[in-house]
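**Student:** All I have is the shape, not the residue letters:
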């Protein structure tokens, strides 16, 4: 990213780390760079060995008891989510034809919610669970919708707009009481907080959220979880996602995942304190800026993600003014930035429509300085003051 701008949209895509460029160069200098890992010759076998080493690094960084053979490399988080939902739901129904129901939360990313009509076309009943006013999905609310017809529950680990963290292990336990499978989209949470995934059957993560290049993702799928492949040809990834693997992307993703997770204990409290600094300045009395949630930073909110609404102003106006001042933020999910509707996440939380239209998401990691965040706060407060 150019230093001319102050980029504060890490939840959309984090800038590529210097360590990622170094890892990319490391790979390119290896004798097997570019070789097909499925070939039987020496360079092919070396590429395969590196792919398996990358799989092992990802499994270790992910935790939760996942093994290297559980790791399925994908092209990104959207494919990982699609693969999990289609593959698990259809396999569960094949195993037991009465399991024709899937449950999502109403605050999922579009890569999950946009599957609702497609799942219905495939003969599934789809139930959407709204969050409580704190923005979280609570186990007792899931319990109300569970029965022996549920094939799959998919609830995100942490919300990409508000940063609210769900109690994933508890939600998975409720799911398993009815012998259904549980998937979590951990794309925002991975490497930002310790994941609570000991009880889950499948997890999605993506490279570009943690400072590795765009274009790599992982679906971690336990061997005990039923799964039906959605594409065919070649048998790679144990037949779960055929196609020649991108060893370069897997190598860089795994190296950065390993590094960022190892640094999380030190980085997390620092970034959380920066986020609190931003909340304290923006949401002070008389600013007309409100937090979307009052969750505390310790367990219930992602570090480095600030979610606010500006009373009386719309997001588009704010974004254009901030962009003119060279501050890059978003109104919510980057994947739905062209929509004229208010955020589906804030609407589901019960935030009034007029307020939801003024939403802003400010996101960053340890590479953004306290001074840069102060400059952003000064600018936004002045913009709001000038309009009011």
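**Tutor:** Now that the structure is in, tell me what you want to look at. Computed from a prediction, not measured in an experiment: that's the story for all the values here.
**Student:** can you list the domains in the protein?
**Tutor:** As recorded under automatic domain parsing, the domains making up the chain are 6-15+264-387, 18-258.
**Student:** Least confident of those, on average?
**Tutor:** Ranked by mean pLDDT, these bottom out at domain 6-15+264-387, with a mean of 91.
**Student:** Show the end-to-end separation of that one, please.
**Tutor:** With Cα to Cα, to the nearest Å as the measure, domain 6-15+264-387 spans 23 Å from end to end.
**Student:** Check stretch 326-342 too.
**Tutor:** 24 Å.
**Student:** which residues touch the spatially most central residue of the chain?
**Tutor:** In the chain, the C-alpha nearest the mean C-alpha coordinate belongs to residue 187, at 2.2 Å (Cα atoms, centre = their mean). Contacts for residue 187 (Cβ atoms under 8 Å, 6 or more residues apart in numbering) come out as 77, 80-81, 109, 156, 160, 204-206, 209, 217. Backbone N, C-alpha and C define where each C-beta goes, glycine included.
**Student:** excluding its backbone neighbours, what's nearest it?
**Tutor:** Closest residue to residue 187 in three dimensions, ignoring its sequence neighbours and counting by Cβ to Cβ, 6 or more residues apart in numbering: residue 77, at 4.3 Å.
**Student:** I'd guessed that neighbour sits against residue 217; true?
**Tutor:** Yes. Between residue 77 and residue 217 there is a contact at 4.9 Å, judged by Cβ atoms under 8 Å.
**Student:** any residues in contact with both of the two?
**Tutor:** Applying Cβ under 8 Å, 6+ apart, one finds that residue 77 and residue 217 are jointly contacted by 187, 204-206.
**Student:** which of the residues you listed lies closest to residue 312?
**Tutor:** Among the shared contacts of residue 77 and residue 217, residue 187 lies closest to residue 312 (Cβ to Cβ), at 32.7 Å.
**Student:** where's the closest one relative to residue 80, distance?
**Tutor:** For residue 187, the distance to residue 80 equals 8 Å [Cβ to Cβ, to the nearest Å].
**Student:** thought residue 137 was touching residue 144?
**Tutor:** No. The criterion here is Cβ under 8 Å, and residue 137 misses it with residue 144 at 11.6 Å.
**Student:** Neighbour count: those two, which is higher?
**Tutor:** Using other Cβ atoms under 10 Å, the more surrounded residue of residue 137 and residue 144 is residue 137, with 26 against 10.
**Student:** so who does the more buried one touch?
**Tutor:** 105, 107, 129, 131, 155, 166, 171.
**Student:** right, and the fifth one touches residue 106 too?
**Tutor:** The reference is to residue 155. No. Residue 155 sits out of contact with residue 106 when judged by Cβ under 8 Å, with a separation of 10.2 Å.
**Student:** what is in contact with the two at once?
**Tutor:** Shared contacts of residue 155 and residue 106, defined by Cβ under 8 Å, 6+ apart, comprise residue 129.
**Student:** Neighbour count: these two, which is higher?
**Tutor:** Taking other Cβ under 10 Å, residue 155 and residue 106 do not tie; residue 155 has more neighbours (25 against 16).
**Student:** Distance of the more buried one relative to residue 222?
**Tutor:** Applying Cβ to Cβ, the value for residue 155 to residue 222 is 17 Å.
**Student:** So which residues make contact with stretch 91-101?
**Tutor:** Here stretch 91-101 has contacts from 123-127, 147-152, 180-181, 226-228, using Cβ under 8 Å, 6+ apart.
**Student:** Most neighbours out of these, which is it?
**Tutor:** In terms of neighbour count, residue 152 stands highest of these at 30 neighbours, by other Cβ under 10 Å.
**Student:** Am I right that that residue is in a strand?
**Tutor:** Yes. Assigned with DSSP: H, G, I helix; E, B strand; the rest coil, residue 152 falls within a strand.
**Student:** isn't it right up against residue 85?
**Tutor:** Yes. Residue 152 is within contact range of residue 85, at 6.7 Å (criterion: Cβ under 8 Å).
**Student:** Mutual contacts of these two, please.
**Tutor:** The contact sets of residue 152 and residue 85 overlap at 102, 183 (Cβ under 8 Å, 6+ apart).
**Student:** how about the contacts of residue 137, which pair is most distant?
**Tutor:** Greatest spatial distance in those: 107 and 171, 13.0 Å, computed using Cβ to Cβ.
**Student:** Test my guess that residue 268 contacts residue 303.
**Tutor:** Yes. In this structure residue 268 lies within contact range of residue 303 using Cβ under 8 Å: 5.2 Å.
**Student:** Give the intersection of the neighbour lists for those two.
**Tutor:** Common neighbours of residue 268 and residue 303 (Cβ under 8 Å, 6+ apart) are 192-193.
**Student:** Looking at those two, which one has more neighbours?
**Tutor:** Neighbours per residue, other Cβ under 10 Å: of residue 268 and residue 303, the larger number sits with residue 303, 24 against 20.
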